[in-house]
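Colleague: Got a sequence here, can you model it:
(chains A and B)
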Amino acid sequence: MASEGDRRSDPEVERRSRLLGGFHFQGEGARGVAIALLSTVVFVAVVIVAVTQSAGWPEVKRTFFDWGDISSSFPDIARAFVLNVKIFLVCEVFILVLALLIAVLRSLPGPVFFPLRALAIVYSDLARGVPTILVIALLGFGAPALELTGVPRSRVFWAGVGLILVYSGYVAEVYRAGIESVHPSQEAAARSLGLSRFQALRRVILPQAVRRVIPPLLNDFIGLQKDTALVATLGVVEAFNQSMIDSAATFTYGAYLAAAVLFVAITIPLARLTDWLIARDRQKRQAAGGFA
Amino acid sequence: MSERRQIFLATAALLVSALAFLAAGCGSSNKSSSGSSSATTSASSCSNKDDLNLVTTDQLTIGTDNPAFPPWFGGTPHKPWQVSDPNSGEGYESAVAYAVAKQLGFDKSEVKWIHVPFSNSYAPGPKSFDFDINQISFTPARAKVVDFSDSYYDVNQSVVVNKGTPIASVTSVAGLKPYDLGAQLGTTSYQFIQDTIKPTKKPSVFPSNTGAVQALKNKQIDGLVVDLPTAFYVTAVQVPNGKVLGQFPAEPGGEHFGMVFEKGNSLRACVNQALAKLRSNGMLEQLQQQWLAKATGAPILK
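Modeller: Numbering: from 1, shown residues only, chains lettered A, B, ... in the order given. Model prediction:
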C-alpha cells in the first residue's frame, strides 16, 4: 500500500530509523541487503584479524577455543543444564503469582491499606536491592543452619526460594507499571456498572495491565534463566558449576563456552519471541487508531 | 516487516561471526607443547638470583589464595590475609616457600605474597606471580597449560563426616556409595569421588572451602572429601562435631602437590633444584613433621 515515497515521510519509519542510527536498508531492496552483508563480513574480518594477531592469541586459543575441550565437556554440561531448566520453569510460576499479589497490594487505594502498601514497597526495595547471589547464599546455608524441624535442607529448594524472592521484586514492579498504565476511567466505568472493587480489578484492570506488560515479563524471565547459574554457590552441580569443574580439571576454559552456548540457545529464541510480541502489540495499537 | 528482516539479518550475521570465530579458534588445533624446553637450564644460572626469570627483579613474588588455611599457612592474620598469614613462615606451604626462597638466595624480606584466587592461577596471559603454592595437585591435563614444580607433598585424599550420622560407621570405600558427598571446586577430590567412589547420588562441588564446610555442618552433605591435612583442620576447627572417617589408599603413581608456574618459565628448573636439595637434606621431611604431624594415623578405607 505504501510506496517508497510516503514511507520516508511516515513518522513511525522516520522515528525508527533515527533510533537505529539512520540504518535502514529495507527500502533499497537487494542492494541494501548486499551492502549490509558485505559490511558485516568486513567488520567481522577486521575483528578476527585484530584478535588473532594479538600477542596473547595462541595461549587464548589453546585455553579457550580448544575444540576437544569444548566438545568433551559438552555432554556433562548439557545433562547438568536440565537442572537449570527445571529451576527456572518452576520458579517462574511462583514468581508470576507472588509478584502479582505484591503489585496488587501496592496498588490498593486509601489510608486503611497503608501498612500493606508499605510492606509491598519495603519488600520490592529489599528484593531488588540485595544481590541475588547473597540472597541465595544466605538462604541456602543459613536457613538449614537453624536446624528447625520441618525446614528443608535441600539446597536446590532454598536456591529456588531465593530466586523467587528476588525476581518477585522485579516482576511486581513490572505488574505495577501495567496496572498504573490502565486509565482510572476504566475502573470508574467498571464500578459504575456495579462491579465490586475486586471484580473491577479482576475483570477490567488486570486483563488490560497484564497484556501490556507481557514483553517486559518475558525480559525478566530471560534474566531468571541466566541467574539459575548462581545456584552453583551452594555447591549444586548445574551447568555453570559443571563447566567450572571441567575447567579446573584441565586448566582450560572451553567448558565455559559450552555452557554459554547452552544458555544462549534458550535465551535467544525467547528474546526474539519478546521482540515479535512487542512488534505485534505495536501494530495492533496502531490498527486501533493509536489509542492506548 | 522491515524490522523482522533486520532481526533475521542480525541473527544470521551473529551466527556467521560465531562460526568464523570458532573456525579461527579451532581450525588448526595443533597442540603446541612449548613447555619442556625449560628443564635444561644449567645449575650455574640458579646460583645468582640476578639471572632468575622474575616478575619483579630482586623479589620473589609468590601467589596463594585468601583465606590461607592451616595447616598449610599459620600465624595470626594481618591486613589483607584472613585466617592466617603467609608472611609468617608458619604452616607447611609458607615454610616450604621460604625454604625454597632461601635456596634461591632470597632473604625473608625479599619474598612478597600476593592473593591469587585458584581460578586465576591458570588464567592465560602473563602471570602476576613467580609461582603459586596453593595445594594444587599435578595432573597431566593441567600440565599442558601451566608448568608444575616437582612434588613438595605427596597427598592422600580422605573423607570428613559428622559424628553420630549413618555415614560415620562406614569402613570401606564401597560403603560410601549411597551417601551425599561433596568436594571443593578445583581439587582432585571431586575426580576421586567420581572415579573411585562412584556414588549413586551426584556429588556436590563447592566454589569455596567455607561453603563446603558449612554444608557439612548443616548436614546438607553427608561427607566432605578433602586432602588429609585439610581434613584434620576441618575437624579441629571448622566442624567441631566432625571426624576424619578415614583416608583412601594411595593412588597408583600417587598424587602430589606442585607449585604452579607460567608455561615455560625457566625459574621452575631452579625451584626443582631447591626442592631436590631440601628433600635430600631432610628439610622437607622435617617441615612435614613440624606442620603436618597430625595428618597421619587416620584409618585407611579399603
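Colleague: quick one: contacts for the closest residue in space to residue A:76 that isn't next to it in sequence?
Modeller: In this structure, residue A:76 finds its nearest non-sequential neighbour in residue A:242, 5.5 Å apart by Cβ to Cβ, 6 or more residues apart in numbering or on different chains. C-betas here are computed from N, CA, C, even on glycine. Neighbour list for residue A:242: A:73, A:76, A:77, A:79, A:80, A:255, A:259 [criterion: Cβ atoms under 8 Å, 6 or more residues apart in numbering or on different chains].
Colleague: Filter those residues down to the ones in strands?
Modeller: In strands, judged by DSSP state E, none of these are found.
Colleague: low-confidence ranges in chain B?
Modeller: Applying pLDDT under 70 to chain B flags the ranges B:1-44, B:252, B:295-297.
Colleague: same deal with chain A?
Modeller: Where chain A drops to pLDDT under 70, the residues are A:1-28, A:289-292.
Colleague: related to what we said a few turns ago, distance from the one helix or strand the residue nearest to residue A:76 maps to to the middle of the chain?
Modeller: Assigned by DSSP states H and E, residue A:242 falls within helix A:239-250. Between the centre of helix A:239-250 and the centre of its chain there are 25 Å (Cα atoms, centre = their mean, to the nearest Å).
Colleague: next one: stretch A:265-285
Modeller: 12 Å.
Colleague: ok, now stretch B:255-268?
Modeller: In terms of Cα atoms, centre = their mean, the centre of stretch B:255-268 is set 12 Å apart from its chain centre.
Colleague: Show residues contacting that stretch.
Modeller: The contact list for stretch B:255-268 (Cβ under 8 Å, 6+ apart) reads A:59, B:34-35, B:37-39, B:41, B:45, B:52-54, B:121-122, B:126-127, B:130-138, B:145-157, B:188, B:271.
Colleague: so residue B:248 touches residue B:172, yeah?
Modeller: No: Residue B:248 lies out of contact with residue B:172 (Cβ atoms under 8 Å); the separation is 10.5 Å.
Colleague: Tell me which two of the contacts of residue A:242 sit farthest apart.
Modeller: Maximum pairwise distance among the contacts of residue A:242 (Cβ to Cβ): 13.1 Å, between A:79 and A:255.
Colleague: The two: who's more crowded?
Modeller: A count of neighbours by other Cβ atoms under 10 Å in any protein chain shown puts residue A:255 above the other of residue A:79 and residue A:255, at 26 against 13.
Colleague: Next one: that one from residue A:75, what distance?
Modeller: 11 Å (Cβ to Cβ, to the nearest Å).
Colleague: do residue B:64 as well
Modeller: 34 Å.
Colleague: Likewise for residue A:193?
Modeller: Distance, residue A:193 to residue A:75, by Cβ to Cβ: 60 Å.
Colleague: can you map out the helices along the stretch 201-302 of chain B?
Modeller: According to DSSP state H, counting those that start in this stretch, the stretch 201-302 of chain B carries its helices in the segments B:209-217, B:228-233, B:267-280, B:283-292.
Colleague: Can you tell me which of these is nearest to residue A:270?
Modeller: helix B:209-217 (30.8 Å).
Colleague: Can you work out which other helices and strands pack against the closest one?
Modeller: strand B:157-162, strand B:181-184, strand B:204-206, strand B:223-227 (3 or more Cβ pairs under 8 Å, 6 or more residues apart in numbering or on different chains; DSSP states H and E).
Colleague: quick check, distance from that helix to the centre of its chain.
Modeller: 18 Å.
Colleague: what comes up buried for it?
Modeller: Burial within helix B:209-217, assessed by neighbour count using 16 or more other Cβ atoms under 10 Å in any protein chain shown, is assigned to B:209, B:210, B:211, B:212, B:213, B:214, B:215, B:216, B:217.
Colleague: Show me which of the residues you listed is closest to residue A:39.
Modeller: Looking across the buried residues of helix B:209-217 and measuring by Cβ to Cβ, the closest to residue A:39 is residue B:211, at 48.3 Å.
Colleague: so that closest one touches residue A:235, yeah?
Modeller: Yes: the pair residue B:211 and residue A:235 passes the contact test of Cβ under 8 Å, sitting 5.9 Å apart.
Colleague: which secondary structure element contains residue B:127?
Modeller: Going by DSSP H and E, residue B:127 is not in any helix or strand.
Colleague: Please name the residues that touch it.
Modeller: Counting by Cβ under 8 Å, 6+ apart, residue B:127 has contacts B:55, B:63, B:261, B:262, B:265.
Colleague: Next: residue B:75.
Modeller: Residues near residue B:75 by Cβ under 8 Å, 6+ apart: B:84, B:85, B:87, B:88, B:89, B:90, B:91, B:94.
Colleague: tell me the phi and psi of the first one?
Modeller: Main-chain torsions, residue B:84, degrees, to the nearest 10: phi -150, psi -180.
Colleague: Distance-wise, check it relative to chain A.
Modeller: Counting by Cβ to the nearest Cβ, to the nearest Å, the gap between residue B:84 and chain A amounts to 23 Å.
Colleague: Look up the closest residue to that residue, ignoring the ones flanking it.
Modeller: residue B:73 (4.3 Å).
Colleague: quick revisit: okay, residue B:248 and residue B:172: which has more neighbours?
Modeller: A side-by-side neighbour count of residue B:248 and residue B:172, using other Cβ under 10 Å, places residue B:248 first with 22 against 10.
Colleague: which residues pair with the residue lying closest to the more buried one once chain neighbours are set aside across the strands?
Modeller: Once flanking residues are discounted, residue B:248 sits nearest to residue B:157: 4.9 Å by Cβ to Cβ, 6+ apart. Judged by DSSP bridges, the bridge partners of residue B:157 are residue B:227.
Colleague: do residue B:153 as well
Modeller: residue B:257.
Colleague: For residue B:285, see how far away it is.
Modeller: With Cβ to Cβ as the criterion, residue B:153 and residue B:285 are 11 Å apart.
Colleague: which of those two has more neighbours?
Modeller: For the pair residue B:153 and residue B:285, the greater number of neighbours falls to residue B:153 (21 against 11), based on other Cβ under 10 Å.
Colleague: I'd say the more buried one and residue B:71 touch.
Modeller: No: using Cβ under 8 Å, residue B:153 makes no contact with residue B:71, being 10.9 Å away.
Colleague: Could you pull out the residues contacting both of the two?
Modeller: Common neighbours of residue B:153 and residue B:71 (Cβ under 8 Å, 6+ apart) are B:92, B:292.
Colleague: mind listing what the most centrally placed residue in chain B touches?
Modeller: Chain B has residue B:136 as the residue nearest its centroid, 2.0 Å off, counting by Cα atoms, centre = their mean. Residue B:136 is in contact with B:118, B:121, B:142, B:148, B:186, B:257, B:258, B:259, B:260, counting by Cβ under 8 Å, 6+ apart.
Colleague: How about residues contacting stretch A:78-93?
Modeller: Counting by Cβ under 8 Å, 6+ apart, A:156, A:159-160, A:163-164, A:167, A:221, A:224-225, A:228-229, A:231, A:236-239, A:241-242, A:259, A:262-263, A:266 sit against stretch A:78-93.
Colleague: Looking at the contacts of residue A:242, which are in helices?
Modeller: Secondary structure defined by DSSP state H assigns A:73, A:76, A:77, A:79, A:80, A:255, A:259 of the contacts of residue A:242 to helices.
Colleague: Sweet, I'm off.
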